[in-house]
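Colleague: what's the 3D shape of this:
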Amino acid sequence: MKPVIISEIDHVAHIKLHRPDMRNSFNAEMIYELTNVFEKLELRDDLRAVTLSGEGKVFCAGADLNWMKSMVGFSYGENLKDAEALYQMFSAQKKLNLPLIALVHGAAYGGALGLIANCDYVIAEDGTSFCFSEVKLGISPAVISSFVLGKASPLVRHYMLSGGVFNAQKAKELFLVDEIAGKEQAHHQLQSIIHQYKECGPLAVKKTKQLLKNIAEEGSPIKDLTTQLIAELRTSPEGQEGLKSFLEKRKPFWRL
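Modeller: Modelled structure (predicted):
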């Protein structure tokens, strides 16, 4: 059974964590597969958005127990290599310049919160629980920390330090979740968000996402980034089409 399943419908790639018997927990194979998937999707020019969800009762329960058992016997060097592979996965996800929407249900523990933090829009079903469970195990949410703190409110620090469980409403207050909905409503809202992205120029969306990431990096040359990008997009075929179609009161070619 593959730990990650990919499907494509109408220019949207759907990533599904697929270890339901293990609560979609991370192991080395899943980390490798997700890294591969994110890197390949970044090369696609025909896609408009990507969704991320989990098969079974929960979104993702964090680290696989057998994987964790193997870490106990690892040397420092082996643990470092293992952690670097996990970081590479989150980094590949963050580099993805397509809109990324997560549909979260059941539970999102440990590393799952890193996946969520790297998404552009997160819909959580009612009753979903969240937890930075690492400190309860005597370790740290170290690898995901920079990704989480790049999105969440500073108030998330309490939960990273205490390992306390919190609900979807608290996750929304912490800016880890954008919207809370019932099961049926969540799937309906997912389609609505996808439609919103499809209404926009695909190049403009990619460039804007890239811009937002660059601005967030300390020391970025903001003036050059912003002025050069708008000049580039205004003179691009897509930008010209967008401006002309607006003035001519017609739909631009990218409206699907």
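Colleague: Low-confidence ranges, the protein, go.
Modeller: 218-223, 225-227, 229-231, 233-234, 243 (pLDDT under 70).
Colleague: where do the helices sit along it?
Modeller: Assigned by DSSP state H, the helices in the chain fall at 28-41, 65-72, 76-95, 112-117, 142-149, 157-162, 168-173, 183-198, 202-216, 222-235, 237-247.
Colleague: quick one, which of those helices is packed in tightest?
Modeller: Ranked by mean neighbour count, these are led by helix 112-117 with a mean of 27 (mean count of other C-beta atoms under 10 Å). (Each C-beta comes from the backbone N, C-alpha and C, glycine too.)
Colleague: still on that earlier bit, any chance of the helices of the chain in CSV, with distance to residue 123 too?
Modeller: What follows is those, written out as CSV (distance: least, C-beta to C-beta, whole Å):
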stretch, distance to residue 123
helix 28-41, 20
helix 65-72, 28
helix 76-95, 17
helix 112-117, 10
helix 142-149, 18
helix 157-162, 20
helix 168-173, 10
helix 183-198, 5
helix 202-216, 18
helix 222-235, 29
helix 237-247, 28
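Colleague: out of everything not next to it in sequence, what's closest to residue 162?
Modeller: residue 135 (7.1 Å; C-beta to C-beta, 6 or more residues apart in numbering).
Colleague: got the contact list for the one you found?
Modeller: Residues near residue 135 by C-beta atoms under 8 Å, 6 or more residues apart in numbering: 141, 160-163.
Colleague: Mind checking the helices of the chain for the one nearest to residue 254?
Modeller: helix 202-216 (5.8 Å; C-beta to C-beta).
Colleague: tell me the angle the closest one makes with helix 76-95.
Modeller: If you take axes from the mean of the first three to the mean of the last three C-alpha atoms, to 10 degrees, helix 202-216 sits at 130 degrees to helix 76-95.
Colleague: which helices and strands does helix 202-216 pack with?
Modeller: helix 222-235, helix 237-247 (3 or more C-beta pairs under 8 Å, 6 or more residues apart in numbering; DSSP states H and E).
Colleague: Repeat the analysis, applying 7 Å as the threshold.
Modeller: Here helix 202-216 touches helix 222-235, going by 3 or more C-beta pairs under 7 Å, 6 or more residues apart in numbering; DSSP states H and E.
Colleague: residues in contact with residue 193?
Modeller: Neighbour list for residue 193: 101, 121 [criterion: C-beta atoms under 7 Å, 6 or more residues apart in numbering].
Colleague: Please report how far it lies from residue 12.
Modeller: 11 Å (C-beta to C-beta, to the nearest Å).
Colleague: Tell me, how many residues neighbour residue 55?
Modeller: If you count neighbours by other C-beta atoms under 10 Å, residue 55 ends up with 15.
Colleague: quick one, phi psi at it?
Modeller: phi -80, psi 140 (degrees, to the nearest 10).
Colleague: Please look at it and residue 17 and confirm they touch.
Modeller: Yes - in this structure, residue 55 is within contact of residue 17 by C-beta atoms under 7 Å, at 6.4 Å.
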